[in-house]
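S.K.: Here is the input, now give the coordinates:
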Amino acid sequence: MGSVPVEILQAVDAIGQPDLDWAARAASRQSCLTMPPGSLGRLLELGRQLASLQRTDRPVGEPSLVAVFAADHGVAASGVSAYPSEVTGQMVANYLHGGAAVNVLARRAGAAIRVVNLGVASLPKDLVGHDQLEAHPIASGTRNFLLEPAMTREQAFQSVRVGLQLAEQWTGHDGYRVVALGEMGIGNTTSSSALLAALTKSPVDRVVGRGTGLDDEGYLRKCRVIDEALAIHGPKFVDVWDLLSRLGGFEILGLAGLALGAARNRALVVLDGLISTVAGLIAVRLCPSIKGFLVASHVGPEPGHRIALAEIGITPLLDLGLRLGEGTGAVLALPLIASAADLLREMATFDSAGISGPS
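M.R.: Numbering: from 1, shown residues only. Below is the predicted model of the structure:
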């Protein structure tokens, strides 16, 4: 059994706690702003969180980036998705051409997009060498975990390392202060649901949803596949890395690494739907102190999403019935996060505006 690479251990050790002194200073400033106490609700909480990460009572909520990590899943061969696996590569092309929902929403929010290939099985030929595609394939998709472990332990480590390295580039060198986690991979709700069931010991029927739109037969098949996989692999788990390698996806573990790396650089990490939130839960299991760097953008109809959020212990900002993934919900939260920072920096105080404060 391979030991955890030093690079991962050092990254985890380097993640500090949010600075509560700065959160308190931000709260003190908020109490002087021209509004009744607490009247901007969750925006004030977001502002204090940003202050605690950036160690200032004048934080910023930009620049922001949405990272879409893509990879295929061997378990898709077991009929757990309404779409064929080649859609993963086709959607990667759509992201690069600017035509997906996340592209539209990111343009509106003023967020940059980075698309990463962690293991797309059928990548369109015209995307090979594309200058806007970050190519870090671990393999041509995972293996079918109904038959064997999804990946080797080393591949699990490698997936997380890719996320760490990209986080260092984006939040260290490039200066992004907010990172939204997006994903694409046919079959990844099955992998995420299996991971969630194993990590939380939740019954399969409580965490499994219909994903991309399964009918009743497909939904029951998906539940059976996960039940059988847990029966096969569950007795063999020796540690969390063994669990992740048996049931995980390259893009899911890559996002967990990205979250860890972004937190190391004290950037805010915005979770999206089920898959992204399970990646956040994995990051929390690897480094509990990362919780204070996470924001839940929304809660969707996938039943496991609420369970994952509750396990992390964070409350979503929005409830819009979203179940697309890609980072769409996370991008919708970006203007709220930027607004929370703007209020701390730009809003007048009672004294500066010459307004009588509360008696």
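S.K.: Spit out the contact partners of G321.
M.R.: The contact partners of G321, taken as Cβ atoms under 8 Å, 6 or more residues apart in numbering, are G300, P301. Yep, even glycine has a C-beta here, placed from its N, CA and C like the rest.
S.K.: Excluding sequence neighbours, find me the nearest residue to A330.
M.R.: Take A330 and drop its neighbours on the chain: the residue closest to it by Cβ to Cβ, 6 or more residues apart in numbering is A180, 3.6 Å away.
S.K.: avg pLDDT for the helix or strand hosting that neighbour?
M.R.: Counting by DSSP states H and E, the secondary-structure element that holds A180 is strand 178-184. For strand 178-184, the mean per-residue pLDDT is 98.
S.K.: Which is the succeeding secondary structure element to that strand?
M.R.: Once the chain leaves strand 178-184, the next helix or strand it forms, by DSSP H and E, is helix 188-200.
S.K.: who does the next helix or strand after that next one touch, helix- and strand-wise?
M.R.: Using DSSP H and E, the helix or strand that follows helix 188-200 towards the C-terminus is helix 204-207. With contacts defined as 3 or more Cβ pairs under 8 Å, 6 or more residues apart in numbering; DSSP states H and E, the secondary structure elements packing on helix 204-207 are helix 188-200, helix 216-233, helix 303-312.
S.K.: among the ones you listed, which is nearest L344?
M.R.: helix 303-312 (25.1 Å; Cβ to Cβ).
S.K.: who touches that closest one?
M.R.: 192-193, 196, 199-200, 202, 206-209, 273-274, 277-278, 280-281, 284, 291, 294, 296, 299, 315-316.
S.K.: pLDDT of it, averaged?
M.R.: Averaging pLDDT along helix 303-312 yields 98.
S.K.: Could you identify the helix or strand that succeeds it?
M.R.: Past helix 303-312, further along toward the C-terminus, the next helix or strand under DSSP H and E is helix 328-346.
S.K.: Identify each buried residue in that following helix, please.
M.R.: Neighbour-count burial for helix 328-346, with 16 or more other Cβ atoms under 10 Å as criterion, is recorded at 328-338, 340-344.
S.K.: again, but for stretch 313-330
M.R.: Judged by neighbour count using 16+ other Cβ under 10 Å, the buried positions of stretch 313-330 are I314, P316, L317, L318, L322, R323, G325, E326, G327, T328, G329, A330.
S.K.: Find the pair from these with maximum spatial separation.
M.R.: Of all pairs drawn from these, the widest gap by Cβ to Cβ lies between I314 and E326 and measures 20.5 Å.
S.K.: Now do the contacts for V80.
M.R.: Residues near V80 by Cβ under 8 Å, 6+ apart: G187, T190, G211, L214, G218, R221, K222, V225.
S.K.: One more: S31?
M.R.: Applying Cβ under 8 Å, 6+ apart, we find S31 in contact with P37.
S.K.: Mind listing what's buried along the helix or strand containing it?
M.R.: Applying DSSP H and E as the criterion places S31 in helix 20-32. In terms of neighbour count (16+ other Cβ under 10 Å), helix 20-32 has its buried residues at W22, A23, R25, A26, R29, Q30.
S.K.: count of neighbours near the nearest residue to R221 once chain neighbours are set aside?
M.R.: Closest residue to R221 in three dimensions, ignoring its sequence neighbours and counting by Cβ to Cβ, 6+ apart: G79, at 5.5 Å. Look at G79: counted by other Cβ atoms under 10 Å, it has 14 neighbours.
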